[in-house]
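Q: Sharing a sequence plus its predicted fold:
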Amino acid sequence: MVVDNKYVRFDWAVKRLLRDKANFVVLEGLITVLLGQKITITDILDGEGNQEQEDDKFNRVDIKARNSKGEIILVEVQLTRQLYYLERILYGVAKTLTEHIKLGHLYNEVKKVYHISIVYFDLGRGADYLYHGQTRFIGVHTHDELQVNTKEENVIHMKTPAEVFPEYFIIRVNEFNKVAKTPLEEWLDYLKNGHIKDDTQAPGLSEAREKLQVMTMTPSERAAYDRHLDAVMVQEDVLSTAKIEGRAEGRAEGRAEGYEEANLTNARKMKALGMPNDLISQVTGLSIEFLESL
C-alpha cells in the first residue's frame, strides 16, 4: 500500500521505536515542550500497563518512563473511544504510584507522576486542543488555596500539593487545525498529520526526522507497519459506519429497533475483523456476554 506520511505514525513509534535508549531524545522533546522544562529520560519502566498484547492494535499504547529527577512520566496514545477514560487514567496513575514504592518505605519516597494522554477521538467538550490539570485544595467557604508550610525550618520540608499530586495533560489531536508556528503546534502537526518541517527547531522533532522515516524501515518492519495502518483505517471505517447506519436505520424505522439492528449488524462485522469484545461493546452498547454468544 502507499504510505502518504513521510514519517512513522506516533502511535506506532511510541510502541515499537521510542523504547530504544538511542531514541529517547524524540520523546524527551515532546515532554519538554509540554512541561516547559528540559526533560531527560533515564529509563523505560516495565509494568502491566505497557506490555504488548496480541490485540494491541485496538488497545491503548503507552510508555512509562523515569526522568533524571526520579519522577515518572506516563505517555498514552488512545485511538478509540472509551466511556470511562478519565477514571481509567486516574487508576493508571494510582497503580503506578503503588508499583514504585516498596513495602515498608516511607511515604516521602512517593514520586511525582505526569500523565500525558494523546487522544484521537472526541473527549468531552472544549475549544482547545490541549488541557492541563492538577489537584488543588480550595476552601469551601473562603475560596483560598491551602498552603502547606514547613513544620520546622531546615528540619522537615513539607511538599506542596503541586510537588506531590499527579499532573495531567490531555492532547486532543483531532481538534488541532492551525498552521504550526510554535514548538507545541509543530508537535501537534506531526501527531495529527505526520508533518515535520525541514527546518524544525522543536525539541525532539529534528531527531524524529532522522529516526522515524518510513523508508529506513526493514522490510519486516515496513510490512508490520503497513498492517497497522490498515487496521487503523478499517477500525475508523467500521466505527464511522456504525454511527451512520445506526442513525439511518433509526430514522427509517422511527423506533429503537432500527438502532438495535444496526448495532447487531456492525457487531458481526467487527467480530469478523477480529476486534475484541470489550471494544465492540463500547461501540455498540451490546453486552460482552451477548457478543460472546454471536
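A: Cool, got the structure. Not measured: the values here are computed from a predicted model.
Q: what residue ranges in the stretch 51-200 of the chain score low on pLDDT?
A: Along the stretch 51-200 of the chain, the model assigns pLDDT under 70 to residues 51-61, 103-105, 107, 135-137, 140, 147-161.
Q: Show me where it has its strands.
A: Defined through DSSP state E, counting those that start in this stretch, the strands belonging to the stretch 51-200 of the chain, from first to last, are 61-67, 72-78, 113-119, 130-134, 167-172.
Q: Show me the domain layout of the protein.
A: What the record gives for the chain is the domain set 10-215, 219-293, from automatic domain parsing.
Q: what would those domains look like in JSON lines with mean neighbour count?
A: For the C-beta atoms, the positions are set from N, CA and C on the backbone; glycine is no exception. Conversion of these to JSON lines gives the following (neighbours: other C-beta atoms under 10 Å):
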{"stretch": "domain 10-215", "mean neighbour count": "16"}
{"stretch": "domain 219-293", "mean neighbour count": "15"}
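Q: re the thing from before, looking at the strands of the stretch 51-200 of the chain, which is nearest to Asp230?
A: Of all the strands of the stretch 51-200 of the chain, strand 61-67 sits nearest to Asp230, with 16.7 Å by C-beta to C-beta.
Q: who does the closest one pair up with?
A: In its sheet, strand 61-67 lies beside strand 41-44 (antiparallel), strand 72-78 (antiparallel), with partners assigned from DSSP bridges.
Q: how about the nearest residue to Arg268, chain neighbours excluded?
A: Taking C-beta to C-beta, 6 or more residues apart in numbering as the measure, Arg268 lies nearest to Leu294, with 6.3 Å between them; neighbours along the chain are not counted.
Q: how deep is that neighbour tucked in, by neighbour count?
A: Look at Leu294: counted by other C-beta atoms under 10 Å, it has 11 neighbours.
Q: Quick one: the strands of the stretch 51-200 of the chain as CSV, columns for distance to Val232 too.
A: Putting the strands of the stretch 51-200 of the chain into CSV (distance: least, C-beta to C-beta, whole Å) gives the following:
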stretch, distance to Val232
strand 61-67, 11
strand 72-78, 11
strand 113-119, 14
strand 130-134, 23
strand 167-172, 18
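Q: Can you say which of these is nearest to Glu145?
A: Ranking the strands of the stretch 51-200 of the chain by distance to Glu145, with C-beta to C-beta as the measure, places strand 130-134 first at 11.9 Å.
Q: Return the list of strands paired to the closest one, each annotated with direction.
A: Partners of strand 130-134 in the sheet, by DSSP bridges, are strand 167-172 (antiparallel).
Q: distance between the strand it pairs with and the chain's centre?
A: Taking C-alpha atoms, centre = their mean, to the nearest Å, the mean C-alpha location of strand 167-172 is offset from the chain mean by 9 Å.
Q: residue ranges of the helices in the stretch 101-250 of the chain, please?
A: In chain order, the stretch 101-250 of the chain shows helices spanning 161-164, 183-193, 205-211, 219-253, with DSSP state H, counting those that start in this stretch as the criterion.
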